[in-house]
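Student: output the structure for:
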Amino acid sequence: QLPLVESGGGLVQPGGSLRLSCEVSGLSFDYYSIGWFRQAPGKEREGVSCISSSVGMTHYADSVKGRFTISSDNAKNTVYLEMDSLKPEDTAIYYCAASAGVYYCSRYVPTEYDYSGQGTQVTVSS
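Tutor: I've put the predicted structure just below:
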């Protein structure tokens with residue numbers, strides 16, 4: 001079983017919303033930081049957001065701050081990325097990822113992790 005499985009991507013109009021889910025298996029939120037990064041064609045990988053729920057820490061890239069919200073449901077072993085006010089430039093494949101250490105994303109939003117999922121496509125277009 002893959003440790004990280006994303007869902008919730010799709011096609012949405014500019015200004016719309018989507019919620020991505022990441023089901024986490026075999027990795028405890030007590031010891032891991034969970035994040036999202038995205039990859040668009042022809043662009044560098046970009047760290048989007050990261051959460052360390054055991055220490056109540058979240059971080060966001062400047063490009064999504066105020067529009068995206070990361071959260072976790074420890075009982076369901078799931079991390080969510082609520083994306084509002086979506087823009088065409090948010091179009092990318094979004095990956096859920098995890099690394100050991102609750103302070104892994106304490107200073108910035110990483111782009112490299114120990115584990116990552118298969119990705120889910122988000123397309124923002126009219």
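Student: name the nearest residue to the residue nearest to the spatial centre of the chain, ignoring sequence neighbours.
Tutor: Centroid-nearest residue in the chain: W36, 2.4 Å away (criterion: Cα atoms, centre = their mean). Closest residue to W36 apart from its sequence neighbours, by Cβ to Cβ, 6 or more residues apart in numbering: V48 at 4.4 Å. Yep, even glycine has a C-beta here, placed from its N, CA and C like the rest.
Student: same check on S33?
Tutor: Closest to S33 by Cβ to Cβ, 6+ apart is Y104, at 3.9 Å.
Student: before we move on, the earlier item: tally of neighbours for the residue nearest to W36?
Tutor: 25 (other Cβ atoms under 10 Å).
Student: contacting residues for it?
Tutor: G35, W36, F37, R38, Y60, A61, V64, F68, L81, Y94, V109 (Cβ atoms under 8 Å, 6 or more residues apart in numbering).
Student: can I get the residues you listed in JSON lines including pLDDT and secondary structure?
Tutor: JSON lines is the format used below for the contacts of V48 (pLDDT from 0 to 100; DSSP: H, G, I helix; E, B strand; the rest coil):
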{"residue": "G35", "pLDDT": "97", "secondary structure": "strand"}
{"residue": "W36", "pLDDT": "98", "secondary structure": "strand"}
{"residue": "F37", "pLDDT": "98", "secondary structure": "strand"}
{"residue": "R38", "pLDDT": "98", "secondary structure": "strand"}
{"residue": "Y60", "pLDDT": "96", "secondary structure": "strand"}
{"residue": "A61", "pLDDT": "96", "secondary structure": "coil"}
{"residue": "V64", "pLDDT": "98", "secondary structure": "coil"}
{"residue": "F68", "pLDDT": "98", "secondary structure": "strand"}
{"residue": "L81", "pLDDT": "98", "secondary structure": "strand"}
{"residue": "Y94", "pLDDT": "98", "secondary structure": "strand"}
{"residue": "V109", "pLDDT": "90", "secondary structure": "coil"}
